[in-house]
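*Asks:* give me a model of this one.
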Amino acid sequence: MEIISAESPFAFPPCAATIGCFDGVHRGHRYLMEQVHREAQARGLQSTLVTFPVHPRQVMQSGYYPQWLTCLPQKKDLLQQEDADYCILLPFTHELSLLSARRFMELLHVRFNVQALVIGYDHRFGHNRSEGFEDYCCYGKELGMEVIHAQALEEDGLSISSSLIRNLLKEGDVARANRYLGYRYYLDGQVVSGYQVGRKLGFPTANLQPSCPDKLVPKEGVYAVYAYVEGKRYAGMLNIGSRPTIGNGTERSIEVHLIGFEGNLYQHALRVEFMQYIREEQKFEGIEALIAQLQQDKATIIRLLG
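*Replies:* Below is the predicted model of the structure:
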């Protein structure tokens with residue numbers, strides 16, 4: 001796949017395309033992309049994805065705070081694994097937000113040579129998103145662009161969507177979120193200095209500062225994770241929260257104990273993949289009770305991950 005800025009002078013070949021934010025590039029998105037690829041092949045066209053570097057709501061709503069499943073570099077890495085020929089990065093501007101659905105379709109047709117537009121099952125576009133699929137079909141006939149309604153990917157009686165996955169992560173259900181994503185939800189970042197409390201308890205931890213500040217952090221609590229350092233994988237015990245038993249502030253931290261690791265992780269790059277929610281963060285009566293629970297958590301995670 002070739003990822004191209006919409007501002008590039010590139011002359012796009014005739015294509016079948018779809019539009020979306022594709023946050024998370026989950027199984028529902030990949031099912032849509034497979035449909036685009038199939039429709040393109042059937043018509044002798046190239047397949048194209050049109051996405052936005054910035055979420056439209058960040059332009060439309062001042063003060064909107066996104067909770068990404070993937071920030072832009074991560075999304076581009078995942079999109080590169082798909083079969084589409086091109087991915088167009090279209091900046092979502094205030095001017096673009098004012099275009100009617102017909103004017104937007106005309107832009108796709110004229111600027112990007114879109115001959116067939118595959119529309120997601122719940123996707124709406126155009127100013128105020130007031131028009132629907134039947135309107136898009138009418139505009140397509142006027143413009144000489146075929147309009148195709150995509151099918152949703154359903155599982156457990158639900159359509160797989162970014163919103164569904166976000167809600168599962170906020171509930172701590174990372175196992176189910178991973179199933180819908182088609183990969184393990186992860187956080188990338190750098191190890192920064194912390195309070196060094198874990199080392200004193202016999203459980204040294206790496207304090208992770210995510211590289212993408214707008215990426216969604218799952219529900220507070222203890223998780224079984226895989227942690228990657230310099231290409232090597234470790235089972236890990238990760239805590240998201242404010243360490244209430246220790247009482248050193250209310251600021252949320254993301255700390256992970258790498259089982260079997262020896263060394264200094266400070267300033268190292270680190271990736272953690274969420275595997276299973278273990279328990280809520282809680283305040284214990286004292287340090288000894290906390291240590292006993294950490295030992296139990298570690299044993300549970302070793303059983304889960306080996």
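
*Asks:* helices along this structure, start to end?
*Replies:* All helices of the chain, identified by DSSP state H, fall at 27-43, 56-60, 72-79, 94-97, 101-112, 133-143, 162-170, 174-181, 197-201, 287-305.

*Asks:* in the shortest one, which residues are buried?
*Replies:* So the one you mean is helix 94-97. Using 16 or more other C-beta atoms under 10 Å as the test for burial, helix 94-97 gives residue 96. In this view, the C-beta of every residue, glycine as well, is placed from N, C-alpha and C.

*Asks:* and it, what does it pack against?
*Replies:* On a contact count with 3 or more C-beta pairs under 8 Å, 6 or more residues apart in numbering; DSSP states H and E, helix 94-97 meets helix 56-60.

*Asks:* can you show me the CA trace of the helix it packs on as PDB?
*Replies:* Extracted C-alpha coordinates of helix 56-60, given in PDB (Å, rounded to 0.1, in the frame of the first residue of the first chain):
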ATOM      1  CA  PRO A  56     -13.300  15.300  12.400                       C
ATOM      2  CA  ARG A  57     -14.700  16.000  15.900                       C
ATOM      3  CA  GLN A  58     -11.500  17.700  16.900                       C
ATOM      4  CA  VAL A  59     -12.200  20.300  14.200                       C
ATOM      5  CA  MET A  60     -16.000  20.400  14.700                       C
END
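
*Asks:* list the buried ones in that helix?
*Replies:* Residues 56, 59 are the ones in helix 56-60 that count as buried (16+ other C-beta under 10 Å).

*Asks:* output the contacting helices and strands for it.
*Replies:* Using 3+ C-beta pairs under 8 Å, 6+ apart: helix 56-60 touches helix 94-97.

*Asks:* which stretches of the protein have low pLDDT?
*Replies:* Applying pLDDT under 70 to the chain flags the ranges 195-200, 244-250.

*Asks:* break it down into its domains, please.
*Replies:* Annotated domains of the chain cover 2-159, 184-305 [automatic domain parsing].

*Asks:* redo the ones you listed as JSON lines? Include distance to residue 165.
*Replies:* Shown next, in JSON lines, are the domains of the chain (distance: least, C-beta to C-beta, whole Å):
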{"stretch": "domain 2-159", "distance to residue 165": "6"}
{"stretch": "domain 184-305", "distance to residue 165": "8"}
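
*Asks:* centroid residue for this structure?
*Replies:* In the chain, the residue lying closest to the centroid (C-alpha atoms, centre = their mean) is residue 69, at 2.3 Å.

*Asks:* residue 110 versus that one, what's the distance?
*Replies:* Distance of residue 69 to residue 110, computed by C-beta to C-beta, to the nearest Å: 32 Å.

*Asks:* next: residue 218.
*Replies:* Counting by C-beta to C-beta, the gap from residue 218 to residue 110 is 43 Å.

*Asks:* name the residue in the two with the higher neighbour count.
*Replies:* Neighbour tally, residue 218 and residue 110, criterion other C-beta atoms under 10 Å: the higher count belongs to residue 218, 22 against 10.

*Asks:* thought the more buried one was touching residue 172?
*Replies:* Yes. At 6.1 Å, residue 218 and residue 172 qualify as touching, with contact defined as C-beta atoms under 8 Å.

*Asks:* correct me, but residue 280 touches residue 221?
*Replies:* Yes. Using C-beta under 8 Å, residue 280 is in contact with residue 221, at 4.8 Å.

*Asks:* and these two? which has more neighbours close in?
*Replies:* Between residue 280 and residue 221, counted using other C-beta under 10 Å, residue 221 has the larger neighbour count: 16 against 11.

*Asks:* contacts only, for the more buried one.
*Replies:* For residue 221, the contacting residues are 172, 239-241, 277-281, by C-beta atoms under 8 Å, 6 or more residues apart in numbering.

*Asks:* distance of it from residue 161?
*Replies:* Going from residue 221 to residue 161 by C-beta to C-beta gives 24 Å.

*Asks:* repeat for residue 254
*Replies:* Distance, residue 254 to residue 161, by C-beta to C-beta: 26 Å.

*Asks:* residue 279 touches residue 224, doesn't it?
*Replies:* No. Look at residue 279 against residue 224 with C-beta under 8 Å: they stay out of range, at 10.6 Å.

*Asks:* perfect, I'm done here.
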